[in-house]
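*Asks:* below are the sequence and a predicted model; questions follow.
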Amino acid sequence: MTGGYPGGQAEYIRVPFADATHIKVPESLTDEQVLFLGDIFPTGWQAAVQCDIQATDTVAIWGCGPVGQMAIRSAVLLGAKQVVAIDHLPERLEMAEAGGALVINFAEQSVVERLRELTDGKGPEKCIDAVGTESHVNLSQPDTIIDRAKQIMMLENDRPHVLREMIYVCRPAGTISGRL
């Protein structure tokens with residue numbers, strides 16, 4: 001999606017009509033506060049809004065990093081019946097749980113089986129990819145090893161395991177969304 005280049009952030013950028021579309025950051029805000037407000041929160045919010053979350057929906061979110069945390073909280077704010085967070089890092093899963101999500105540690109249990117249990121075998125109505133670049137290789141899932149090997153040999157830019165998993169588990173006529 002980024003033309004073979006990892007990431008899409010830059011130190012400088014040209015912004016046409018910036019005088020009409022941007023605001024000056026008050027001196028009282030720290031860089032970290034502005035970063036979350038101007039990048040991380042809107043990315044997670046947009047991923048959730050694109051799903052058109054309803055009060056009866058189960059929303060599954062892959063990735064519990066900063067964008068995933070904001071997507072979790074956005075799904076809760078938008079009224080999802082159940083939010084499920086998927087990751088393998090304990091500290092991220094703890095934050096997700098504190099934010100109102102049920103958690104799945106993919107290193108300890110099958111994401112597919114657990115989502116089936118939580119949705120009476122139907123799958124989540126809404127799925128959000130907040131992983132970004134998949135940096136892990138799960139040895140229990142051969143496709144992650146194959147994806148990594150293809151990437152090393154420059155036959156593939158990304159590792160699409162999460163996307164495949166989302167397509168597989170999402171309820172028929174469900175919605176798949178992601179961070180853009």
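*Replies:* Done, it's in. Numbers count the residues shown, from 1 in each chain.

*Asks:* SS state for residue 75?
*Replies:* helix (DSSP: H, G, I helix; E, B strand; the rest coil).

*Asks:* show the contacting residues for it.
*Replies:* 48, 51, 53, 59, 61, 83, 126, 128 (Cβ atoms under 8 Å, 6 or more residues apart in numbering). In short, each C-beta sits where N, CA and C put it, glycine included.

*Asks:* quick one: which of those residues sit in helices?
*Replies:* residue 48 (DSSP state H).

*Asks:* any chance of a markdown table for the contacts of residue 75, columns pLDDT, distance to residue 105 and neighbour count?
*Replies:* Output for these, formatted as a markdown table (pLDDT from 0 to 100; distance: Cβ to Cβ, whole Å; neighbours: other Cβ atoms under 10 Å):
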| residue | pLDDT | distance to residue 105 | neighbour count |
| --- | --- | --- | --- |
| 48 | 95 | 22 | 27 |
| 51 | 93 | 23 | 24 |
| 53 | 96 | 24 | 25 |
| 59 | 98 | 18 | 29 |
| 61 | 97 | 14 | 33 |
| 83 | 98 | 16 | 28 |
| 126 | 97 | 21 | 26 |
| 128 | 95 | 18 | 32 |
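
*Asks:* between the contacts of residue 75, which is closest to residue 18?
*Replies:* residue 48 (27.3 Å; Cβ to Cβ).

*Asks:* which strands and helices sit next to the helix or strand where residue 163 lies?
*Replies:* Here residue 163 sits within helix 161-169, counting by DSSP states H and E. Where contact means 3 or more Cβ pairs under 8 Å, 6 or more residues apart in numbering; DSSP states H and E, helix 161-169 is packed against strand 58-62, helix 111-118, strand 126-129, helix 142-152, strand 175-178.

*Asks:* can we see that at 6 Å?
*Replies:* The contact analysis (3 or more Cβ pairs under 6 Å, 6 or more residues apart in numbering; DSSP states H and E) places helix 161-169 against helix 142-152.

*Asks:* show the pLDDT at residue 158.
*Replies:* Listed pLDDT for residue 158 reads 59.

*Asks:* swap in residue 71?
*Replies:* pLDDT, residue 71: 96.

*Asks:* mind listing what the spatially closest residue to it that is not a sequence neighbour touches?
*Replies:* For residue 71, ignoring the flanking residues on the chain, the nearest one in space by Cβ to Cβ, 6 or more residues apart in numbering is residue 44 at 3.8 Å. Going by Cβ atoms under 6 Å, 6 or more residues apart in numbering, residue 44 touches 67, 70-71, 74.

*Asks:* at 7 Å instead, please
*Replies:* 67, 70-71, 74, 130 (Cβ atoms under 7 Å, 6 or more residues apart in numbering).

*Asks:* go on, residue 42?
*Replies:* Counting by Cβ under 7 Å, 6+ apart, residue 42 has no contacts.
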